[in-house]
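Colleague: Sequence below, structure please.
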Amino acid sequence: MKAIQIHGFGGPEVLQYEETNRPEIKSNEVLVRVCASSVNPVDNKIRAGEGQAKFPAEFPLTMGWDLSGIVEETGQSVTKFKKGDEVFGRPYPGKNGAFAEFIAVKESEIAFKPDGITHEEAAAVPLTALTAWQGLFDHGKLEAGQKVCILGASGGVGLFAVQLAKWKGASITGTSSGENIEFVKSLGAENAIDYTKESTNNMDSDFDLVFDTVGGEMQKKALRLIKKGGRLVTTVKPEVQQEAKEKNITVESFTARSDNDILDKISALIEKKTLKIFIAAVFSLKHAPDAEKAGGEKHAPGKIVIHVSEP
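Modeller: Predicted structure coming up:
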């Protein structure tokens, strides 16, 4: 089968389009014929060797940790899926990914693909939507009527976080660059802040939760926005633990986990059109290195998708 693999750490130049063996599955795994995958920031970290502590890589490593496709074969202990089912999910990073014609995944890592959308659209969902859900609800404990500030609201995680927070009934402020302010408002944010022009000094300071997908100085500045007893949840390195402790603010950093129960809930929201999917560009599998380069550049809101095969 064809796949995009790396044989060592580095930039997009180490990505190779090559022939490799079709994976064999274990008893608790499903072989999926991949129709589409998508680009994520974790790709850069794993490819550069920055993810070794969490996701140790063995070479050659097939990239791609979003997938949508069709079940080709199931292991003996698999009970939920059968050959021909359309599925989507987030494979475990560090193990061979979905920039390939076939992938072996655990039954627990996939769910039934939402009806009424393409495989390209489905592949734009799992990692970022899981991250948004777990950041807001599992770690952030967000409830209806609470106030949340989402840093990076127009990004891959942020655009789902705004929509999920709206569905939950929260009051939402999102930060973004100026050209994406109207987009953030269209997702459901009552307030959209251009972080390149507006100071956090002019923002409310009684948020129950700040969900940070940006880090750095923005995370430090955001601490003053949270009320006493509130929470700061971040997808990047936490840099404000001591200051947060002094304000009685809980700080959590997390990496999204695969969870097909949550994916089922996300799928239902997509089918009800509560969650919208945004795609910035689509590349072929052969041109996945170009897609990875594009992922690191400024582009329209939405995911960069890799088309692998027709359903």
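
Colleague: only C-alpha atoms for contact and neighbour calcs from this point on.
Modeller: Noted.

Colleague: Might one say that residue 260 is in contact with residue 108?
Modeller: Yes - look at residue 260 against residue 108 with Cα atoms under 8 Å: they come within range, at 5.8 Å.

Colleague: more neighbours, the two?
Modeller: Between residue 260 and residue 108, counting by other Cα atoms under 10 Å, residue 260 is the more crowded of the two (21 against 18).

Colleague: Report pLDDT for the residue of the chain positioned farthest from its centre.
Modeller: Farthest-out residue of the chain from its mean C-alpha position, per Cα atoms, centre = their mean: residue 246, at 31.5 Å. Residue 246 carries a pLDDT score of 89 in this model.

Colleague: and stretch 274-287, which residues are buried?
Modeller: 275, 277, 278, 279, 281, 282, 283, 284, 285, 286, 287 (16 or more other Cα atoms under 10 Å).

Colleague: quick revisit: joint contacts of residue 260 and residue 108?
Modeller: Both residue 260 and residue 108 lack any common contact, where contact means Cα atoms under 8 Å, 6 or more residues apart in numbering.

Colleague: Quick check, residue 225 in contact with residue 218.
Modeller: No - Residue 225 lies out of contact with residue 218 (Cα under 8 Å); the separation is 11.0 Å.

Colleague: what about these two, which has more around it?
Modeller: With neighbours defined as other Cα under 10 Å, residue 225 and residue 218 compare such that residue 225 has more, 23 against 16.

Colleague: which residues of the stretch 201-311 of the chain score low on pLDDT?
Modeller: Where the stretch 201-311 of the chain drops to pLDDT under 70, the residues are 201-202.

Colleague: Kindly recompute the last result at 80.
Modeller: 201-205, 298-299 (pLDDT under 80).

Colleague: all helices of it, in order?
Modeller: 216-222, 241-246, 260-271, 288-295 (DSSP state H, counting those that start in this stretch).

Colleague: Point out the most buried one among those helices.
Modeller: For these, the largest average neighbour count (mean count of other Cα atoms under 10 Å) is found in helix 288-295, namely a mean of 20.

Colleague: quick one: it to chain centroid distance?
Modeller: Relative to the chain's own centre, helix 288-295 is displaced by 17 Å; criterion: Cα atoms, centre = their mean, to the nearest Å.

Colleague: Right, I'll leave it there.
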